[in-house]
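Peer 1: Build me a structure from this.
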Amino acid sequence: MRMRVLLSTIGSRGDVQPVVALASRLRSLGEEVRVCAPPDFREWIDGLGIPVVPLGPELRGTAAPEPAAGRSLPSPEDLRRQVEETVAAQFATVGRAARGCDVLVACGALQVAARSVAETLEIPYVHASYCPVTLPSPHHAPPPMPGLVPPDGADDAALWELDAQRWNAVFGAALNAHRASAGLEPVTDVRGHVFTDRPWLAADPVLGPWPGSADLDVVQTGAWILPDPRPLPDDLEAFLDAGDPPVYFGLGSMPAPGDIGRVMVQTARELGRRAVVSRGWAGLSPVDGGPDCFSVGEVNQQALFRRVAAVVHHGGAGTTTAAARAGAPQVVIPQVYDQPYWARRVADLGIGAAHAPGPPTVDSLAAVLARALEPGATAKARAVAAQVRTDGADAAARLLAALERVPEDHVDRIRRPR
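Peer 2: Predicted coordinates for the structure are as follows:
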């Protein structure tokens, strides 16, 4: 009998593509699967033959270019309303999509309602994270959050306690109101409730090893990588063939700080390199029509990154993994959440360099890019590429397929609220 699986996520391409990778692998094993994801990705997922249920509003507009400073944070009232709307949409949409399913897998940190839906339907629930630093551990601090300044002198344990308090303050009232309507007991530890005491970590163990925790029994599956068979466009192939390998620049779904497009192109020229600039959600483009620059939209990164001299990017888990698999040295320009972690890992592994926080200038970006282009970093990147696992989605799919055979006390522990 086939297992029916619901995979749910909220976020950008970096949050959705791993879910699609796992969905594709589950289907290849003969399981039934459907996906809840933002409507930005409905056409793409539909085109892969995977049933998709749109969840929440479109997100693409959140990456519009903006000044380095000047965007105000939402007011407490705006934040409260946004949280209530998000939690209500999750209960309604995920609740409908999960009917008839045998297991619910919630991916990323914004899936606040998914475990409650699983409890109502009395089906197993799994939480999956994409980066070690998003899960509580005494060996690292929580990821930085916009607008929150940690107290001076606070150690990692204190920061995690403050993080738990923030989860309760932001989501507790809305979550428990819907749980009460469903006849469920309230939860007092929202973060622990969402993550469970046995979360999955869909990150490569070389790039993002789990450092350990006495409170969490983390299952590290490896990154969920979606194979991409698409050829590169003919005009891009022609550009790549016309000279030395260029430097790739892209910020994915992130906003564009300052005049970053100009900085990127001038940095490449400063070092005597050609440039490929990914437009991304912020609509980046080369500053001129020079023959040493090429603009790309959605493209097969797995193929492109094998053809470039280096990858300069925002530090998303997916892009970091794709560049590492390709053996391309990296420069990470981190902005938010898990990106500073991936910047540190790239630097610590010696497979590239991390730009300091803040918008880059030509001088600052050229300095770190020059380090990433040194022969030692290139050699190290190629060595690490051979160690990056490609079977993470398969490992996760087989774990899900085996859920019906796990001990009953484990299934109870998955369901039990905290």
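Peer 1: what residues does stretch 74-89 touch?
Peer 2: The contact list for stretch 74-89, computed with CB atoms under 8 Å, 6 or more residues apart in numbering, reads 10, 55-56, 110, 112-113, 170-171, 174-175, 178. The way it works is simple: take the backbone N, C-alpha and C, and place the C-beta from them, glycine included.
Peer 1: wait, what's in contact with the residue nearest to Gly95 when sequence neighbours are not counted?
Peer 2: Nearest-residue entry for Gly95: Val117, 4.9 Å, with adjacent residues in sequence omitted and distances by CB to CB, 6 or more residues apart in numbering. In this structure, Val117 makes contact with 90-91, 94-95, 98, 104, judged by CB under 8 Å, 6+ apart.
Peer 1: right, and the helix or strand after whichever strand or helix holds Val117?
Peer 2: When elements are defined using DSSP states H and E, Val117 is found to belong to helix 114-121. From helix 114-121 onward toward the C-terminus, using DSSP H and E, the following helix or strand is strand 125-129.
Peer 1: Could you tell me the angle between the helix or strand following that next one and helix 114-121?
Peer 2: Scanning the chain past strand 125-129 towards its C-terminal end, the next helix or strand to appear is helix 156-181 (assignment: DSSP H and E). Here the directions of helix 156-181 and helix 114-121 differ by 40 degrees (axes from the mean of the first three to the mean of the last three CA atoms, to 10 degrees).
Peer 1: Packing partners of the helix or strand just after helix 156-181?
Peer 2: Once helix 156-181 ends, the next helix or strand along the chain (criterion: DSSP H and E) is helix 190-195. Applying 3 or more CB pairs under 8 Å, 6 or more residues apart in numbering; DSSP states H and E, one finds that helix 190-195 contacts helix 114-121, strand 125-129, helix 156-181.
Peer 1: that older thread, quick one: the helix holding Val117 to chain centroid distance?
Peer 2: 24 Å (CA atoms, centre = their mean, to the nearest Å).
Peer 1: now do stretch 338-352
Peer 2: If you compare the mean C-alpha spot of stretch 338-352 with that of the full chain, they lie 15 Å apart, counting by CA atoms, centre = their mean.
Peer 1: Could you tell me the average pLDDT over it, please?
Peer 2: The pLDDT scores in stretch 338-352 average 97.
Peer 1: Now do the buried residues in stretch 362-380.
Peer 2: For stretch 362-380, the buried set under the neighbour-count rule, 16 or more other CB atoms under 10 Å, comprises 362, 364-369, 371-373, 377-378, 380.
Peer 1: same check, this time on stretch 24-43
Peer 2: Buried residues in stretch 24-43, defined by neighbour count with 16+ other CB under 10 Å: 24-27, 31, 33-38, 40-42.
Peer 1: repeat for stretch 272-280
Peer 2: Residues of stretch 272-280 classed as buried under the neighbour-count rule (16+ other CB under 10 Å) are 273-280.
Peer 1: Can you tell me which of those residues is nearest Glu161?
Peer 2: Ranking the buried residues of stretch 272-280 by separation from Glu161, with CB to CB as the measure, puts Gly280 on top at 36.0 Å.
Peer 1: Report the separation between the closest one and Val187.
Peer 2: Plainly put, Gly280 is 37 Å away from Val187 if you go by CB to CB, to the nearest Å.
Peer 1: what's the angle from the helix holding Val117 to strand 125-129?
Peer 2: An angle of 170 degrees separates the directions of helix 114-121 and strand 125-129 when computed by the same axes, to 10 degrees.
Peer 1: Would you mind listing the buried residues in helix 114-121?
Peer 2: Of the residues in helix 114-121, those buried under the neighbour-count criterion (16+ other CB under 10 Å) are 114-119, 121.
Peer 1: Same list (those residues) but as TSV, adding pLDDT and distance to Trp200.
Peer 2: Output for those, formatted as TSV (pLDDT from 0 to 100; distance: CB to CB, whole Å):
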residue	pLDDT	distance to Trp200
Ala114	97	13
Arg115	98	14
Ser116	98	19
Val117	97	18
Ala118	97	15
Glu119	97	19
Leu121	96	20
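Peer 1: out of these, which one sits closest to Val384?
Peer 2: Relative to Val384, and with distances defined as CB to CB, the nearest of these is Ala114, at 33.8 Å.
Peer 1: My guess is that closest one contacts Val103. True?
Peer 2: No. Using CB atoms under 8 Å, Ala114 is not in contact with Val103; the gap is 11.2 Å.
Peer 1: what residues are shared contacts of these two?
Peer 2: Common contact partners of Ala114 and Val103 (CB under 8 Å, 6+ apart): Tyr125.
Peer 1: Specify the beta-bridge partners of the closest residue to Thr9 other than its chain neighbours.
Peer 2: The shortest distance from Thr9 to any non-neighbouring residue, by CB to CB, 6+ apart, is to Cys107 (4.2 Å). Partner residues in beta bridges with Cys107, using DSSP bridges, are Thr9, Ala128.
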